[in-house]
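# next come a sequence and a model predicted from it.
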Amino acid sequence: MISSAALGPSRTLPGDASGEDADLSPGAAGGDGDTGHAARDRSHHRHLARTDPGGCWIAQDEEAGPLGAVLSTRREGTWGLSLLAVLPGAQGKGVGKALMARALVHGKACLRGVIVGPPNPVAARTYRRAGFTLHPAMVLSGSVDPSGLAPLDGAVHPGTPRSRDMMDSVDRRTRGGAHGPDHDELLRHHRLLVVDDLAGSGYCYAHDDGVELLAATSRRLATRLLTAALLTMPQGRPVRVAGLTAEQEWAVDVGIAAGLAVAGGGYVCLRGMRPPAPYVPSPWFL
């Protein structure tokens, strides 16, 4: 049975963002020992289920309980898949296919679609069968060496909620649709860096584990923002910048200069659009 994942203010959506093997049991997202990651993920689950109840569904068995979940969004004609997870014991039984079908209905009227897919052959097959073009992506990881980074070529400022109109404008230019209410959720959990001058505009959400989302009107500004974000990372802490297609070589160059390793990292799956650039997608907010 597929049921709506719409949430009340005190409920959480079972599961996490770890992919096809996500634990979707009711207790998986709760408990006093939660890490900051888990709390952030739960908040994202609840945000998406509130903004897009028609795109968020749970597959349940009357006896076994939750088997899987899907979270998808619509933002100004851009559909995004934030989560598709199925318990290991329920895989290969059509659960993921049914959830994906429900999510795609939510985006039926959208001209564009985007998924940040994991390096998982089952996921890649699912998304390709749904009509998405798979763009291989890279991930940067490691501890930042600030000594290798070039000096900033201009100003970068802390962002505020008043930056939202600028950010929505940059979103429309890079990916075709504004993130809208997602900026409110991102601001709750990430530090925001912005550039907005005669040369153009851009923004970057970052946290101590890496970069969540970056968009800019030029590679030069994107390079400045990514450099500034990496300089805010705690010394010696491992960080990640993921979802980098071949169009984001500017980001790879910054990562290499910072001493980060480059490796394969799944796919950015697109339908009805080219890879946004310069752009670093959020796995949650695309």
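That came in fine, so what should we check first?
# now do stretch 172-186: everything it contacts.
Applying CB atoms under 8 Å, 6 or more residues apart in numbering, the contact partners of stretch 172-186 are 43-44, 47, 51, 73, 75-78, 111-112, 114, 161, 164, 167-169, 171, 192, 205, 212-213, 215-217, 273, 276-279, 282, 285-286. Backbone N, C-alpha and C define where each C-beta goes, glycine included.
# A strand includes residue 242, no?
Yes: under the criterion used here (DSSP: H, G, I helix; E, B strand; the rest coil), residue 242 sits inside a strand.
# give the buried residues for stretch 42-59.
By neighbour count, and taking 16 or more other CB atoms under 10 Å as the criterion, the buried residues in stretch 42-59 are 42, 44-49, 51-52, 55-59.
# any quick ChimeraX command for the buried ones out of the contacts of stretch 172-186?
Here is the ChimeraX command that selects the buried residues among the contacts of stretch 172-186 (16+ other CB under 10 Å):
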select :44,47,51,73,75,76,78,112,114,164,167,168,171,192,205,212,213,215,216,217,276,277,278,279,282,285,286
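# keep only those of the contacts of stretch 172-186 that are in strands.
Among the contacts of stretch 172-186, DSSP state E puts 73, 75, 78, 112, 114, 192, 205, 212-213, 215-216, 279 in strands.
# wait, which of those residues is closest to residue 38?
Closest approach between these and residue 38, by CB to CB: residue 212, at 15.8 Å.
# these two touch, right, the closest one and residue 205?
Yes: counting by CB atoms under 8 Å, residue 212 sits close enough to residue 205 to count as a contact (4.3 Å).
# now for the two: what residues contact both?
The contact lists of residue 212 and residue 205 share 186, 190, 282, where a contact means CB under 8 Å, 6+ apart.
# any idea how far residue 210 is from the second one?
From residue 190 across to residue 210, the span is 10 Å (CB to CB, to the nearest Å).
# next: the last one.
With distances taken as CB to CB, residue 282 is found 11 Å from residue 210.
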